[in-house]
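1. Okay, here's the prediction I keep looking at, along with the sequence it came from:
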Amino acid sequence: MNIELLVVEFRLPGCDSLKEKRQRLLGLRERFGKLINVAVCESDYQDAHKQAQWSFVVAATDPKIVTNQLSKIEDFLNTEVDALITAIHRERL
């Protein structure tokens, strides 16, 4: 089994409430949490308005599937999320 962790930190400029923060990042859980080989969660800064950290764990028997899935997640985060990415960390588990 191949398992990788992707941790992404965001800054949310102009975000003044937790409600607005969750609206701006809402699609992450709905989009990726439904996939069979992906687990996703807001992993830090839950009470901060202008900062967020999300973690994605991808598991598959084929390492190419893991790499492709993580690349799709990163592409989505870079193009579709209304936040600035401040850090990305990948780790093989």
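-> Here it is on my side, so go on.

2. Could you pull up the mean pLDDT of stretch 27-36?
-> For stretch 27-36, the mean per-residue pLDDT is 88.

3. Which residue would you name as the spatial centre of the chain?
-> The centroid of the chain falls nearest to W54 when counting by Cα atoms, centre = their mean (4.3 Å).

4. can I assume that residue sits in a strand?
-> Yes. Judged by DSSP: H, G, I helix; E, B strand; the rest coil, W54 forms part of a strand.

5. Would you confirm that it contacts C41?
-> Yes. Using Cβ atoms under 8 Å, W54 is in contact with C41, at 7.1 Å. Backbone N, C-alpha and C define where each C-beta goes, glycine included.

6. residues in contact with the biggest helix by length in the chain?
-> In terms of residue count, the longest helix belonging to the chain (DSSP state H) is helix 63-80. Residues outside helix 63-80 that contact it (Cβ atoms under 8 Å, 6 or more residues apart in numbering) are 2-4, 6, 8, 27-28, 31-32, 35, 37-38, 56, 58-60, 85, 88, 90.

7. Let's see it as CSV, backbone CA atoms only.
-> Extracted in CSV, the C-alpha atoms of helix 63-80 (Å, rounded to 0.1, in the frame of the first residue of the first chain):
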residue,chain,number,x,y,z
PRO,A,63,2.2,4.8,-6.4
LYS,A,64,1.3,6.5,-9.7
ILE,A,65,-2.3,6.7,-8.6
VAL,A,66,-1.3,8.4,-5.4
THR,A,67,1.0,10.9,-7.2
ASN,A,68,-1.7,11.7,-9.9
GLN,A,69,-4.4,12.2,-7.2
LEU,A,70,-2.2,14.5,-5.2
SER,A,71,-1.2,16.5,-8.3
LYS,A,72,-4.9,16.9,-9.1
ILE,A,73,-5.6,18.2,-5.6
GLU,A,74,-2.7,20.6,-5.8
ASP,A,75,-3.8,21.9,-9.2
PHE,A,76,-7.4,22.5,-7.9
LEU,A,77,-6.0,24.3,-4.8
ASN,A,78,-3.8,26.6,-7.0
THR,A,79,-6.6,27.5,-9.4
GLU,A,80,-9.9,27.3,-7.7
